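Chemist: Predicted model and sequence follow; I will ask about them next.
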Amino acid sequence: MVIIWIPLLIGLFFGLIPPRSLMKSEVRYLDFEYLWTKAIRPPVDERWRRSWWKLPLVWIDPVRGYVVAMFIMEAFPRVASGSGLSPYPRLITFTILLLFSLWIQTTGRKRAGETISPTGFLAGMLLALLPPEISVPVLIIGGATIIAVREYVYGYIAAFLFFVGLGAAVRGTGLGAILFLITPGCLILLPLVVNWLRGTRLVVPVRC
């Protein structure tokens, strides 16, 4: 397995930054229901508090997720077909590093019974890993489900199911399609699994 170290180190540098290091002390951690009523669509007499979008994390995280996935992907070149080399070591290593980077973004609130939802970071990763005809619809479905149900968990579930269906429709059901689905699918499921194992609730940091 060939490893290009400079892109790998750059990807890990941006991926291993804890989310709390990008936040100020006045940040509040809200589930989506509370986020919607207190920050995104607050009462008229509380409009002055609508400054959630000023949090650097809102703008930095998608870019950071994209950069992490792009550089780590460049660090592990694809195995050329017909070379006789197995693609599995590359796939396993590549997937583990991305999962670890995403897991870092969920940490910091376990004692409060909460798991940070790495929504923006994951969105950036998916945009880097998947072609736009797949990543954009998946993100739209996930986001629309979160807004409709006002719960992050169902947004991740909807995004995963839609991704599997769309990916199979576009790529087929052969071995190549399965390999294509593994890494993004694992990334979408990771926040759900972490949240379930911890017995917490998914929240996002918001300045409001």
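Modeler: Arrived safely. Residues are numbered from 1 along each chain as shown.
Chemist: Please name every helix or strand in contact with the helix or strand of the chain with the lowest mean pLDDT.
Modeler: Across the helices and strands of the chain, mean confidence by mean pLDDT, DSSP states H and E is lowest for helix 32-35: a mean of 72. Secondary-structure packing of helix 32-35 (3 or more C-beta pairs under 8 Å, 6 or more residues apart in numbering; DSSP states H and E): strand 201-206. Yep, even glycine has a C-beta here, placed from its N, CA and C like the rest.
Chemist: Show the average pLDDT along the strand it packs on.
Modeler: Average pLDDT, strand 201-206: 87.
Chemist: Tell me how far that strand lies from the chain's centre.
Modeler: Here strand 201-206 is found 14 Å from its chain centre; the criterion is C-alpha atoms, centre = their mean, to the nearest Å.
Chemist: Partner strands of that strand, with direction?
Modeler: Neighbouring strands of strand 201-206 in its sheet, by DSSP bridges, are strand 28-30 (antiparallel), strand 114-116 (parallel).
Chemist: for those strands, which one sits closest to Ile72?
Modeler: strand 114-116 (20.9 Å; C-beta to C-beta).
Chemist: Packing partners of the very next helix or strand once past the closest one?
Modeler: Under the assignment DSSP states H and E, the closest C-terminal helix or strand after strand 114-116 is helix 119-129. Packed against helix 119-129 by the contact rule (3+ C-beta pairs under 8 Å, 6+ apart) you find helix 56-75, helix 88-104, helix 132-149, helix 175-198.
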